[in-house]
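K.L.:
compute the structure for the input listed below.
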Amino acid sequence: ETQPMLVKMDPRVHMSLAELEALHTAQVTLAASLDALAKADLQAHSAMEQASAIQDPALAAQLASFNAALKAVVDGTEPDAGRRGDRLPGLDEVTAEATALYGALQQADANPTEAQLAAAAHVQAEGKEVLPGWEQFKQTQLPEMNRQIRNAHHPAIDPDRKPTNMPEAGDED
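P.N.:
I've put the predicted structure just below:
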């Protein structure tokens, strides 16, 4: 059976339809960005955890450059002489920013402020900077890393395996 249902606005919340739509749009857009960031952050942490579990000193030495590149993806990079501007943030930092901002937008029963909208745009722009770094690592460096690991008769790194230890700022869900 079906029955019509009338949904009314909470009388304690005083927002126009346009303000509700703006809040919803900001939340949905940020949620999509946060989802991509959190998935990438979990995968990168899983790869780091699996790589750090390798006990073979010779193999660990072979993988040092890969581990350094992976750490840069997670923690960010300092600016170098060939790159202008500030440091590139890491997945951890951008994911934590997006998580905090999303929480603030979820708790609000008001139109998002200009500062919140600017922060959301900033986090989304940073996400577009850091996510390609992880994807590039996964597509180019991880296969070579896994080739070397398998050649040493160790199990390959599976980024989809859930990490056992995530920083508190990460999205564990």
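K.L.:
C-alpha only now, for contacts and for neighbours.
P.N.:
Fine.
K.L.:
which residue ranges of this protein form strands?
P.N.:
Along the chain, counting by DSSP state E, strands occupy 76-77, 88-89.
K.L.:
so what touches the last one?
P.N.:
So the one you mean is strand 88-89. Strand 88-89 is contacted from outside by D75, G76, T77, E78, P79, E126, E129, V130, using C-alpha atoms under 8 Å, 6 or more residues apart in numbering.
K.L.:
could you give the mean pLDDT of it?
P.N.:
Across strand 88-89, the average pLDDT comes to 87.
K.L.:
ok, that strand: who's next to it in the sheet?
P.N.:
Next to strand 88-89 in the sheet, as set by DSSP bridges, lie strand 76-77 (antiparallel).
K.L.:
who touches A108 in this structure?
P.N.:
Contacts of A108 by C-alpha under 8 Å, 6+ apart: none found.
K.L.:
thinking again about what came up before, now rank the contacts of strand 88-89 by neighbours and give me the top one.
P.N.:
Highest neighbour count within these: V130, with 22 neighbours (other C-alpha atoms under 10 Å).
K.L.:
contact partners for that one?
P.N.:
Applying C-alpha under 8 Å, 6+ apart, the residues near V130 are V73, L88, P89, G90, L91.
K.L.:
what separation do you get for the closest residue to L91 other than its chain neighbours and T140?
P.N.:
Nearest non-adjacent residue to L91, counting by C-alpha to C-alpha, 6 or more residues apart in numbering: V74, 4.8 Å away. Plainly put, V74 is 16 Å away from T140 if you go by C-alpha to C-alpha, to the nearest Å.
K.L.:
which members of the contacts of V130 are the farthest-apart pair?
P.N.:
Greatest spatial distance in the contacts of V130: L88 and L91, 9.8 Å, computed using C-alpha to C-alpha.
K.L.:
still on that earlier bit, dump the strands of the chain to TSV, plus distance to A156.
P.N.:
Shown next, in TSV, are the strands of the chain (distance: least, C-alpha to C-alpha, whole Å):
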stretch	distance to A156
strand 76-77	25
strand 88-89	28
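K.L.:
great, nothing more from me.
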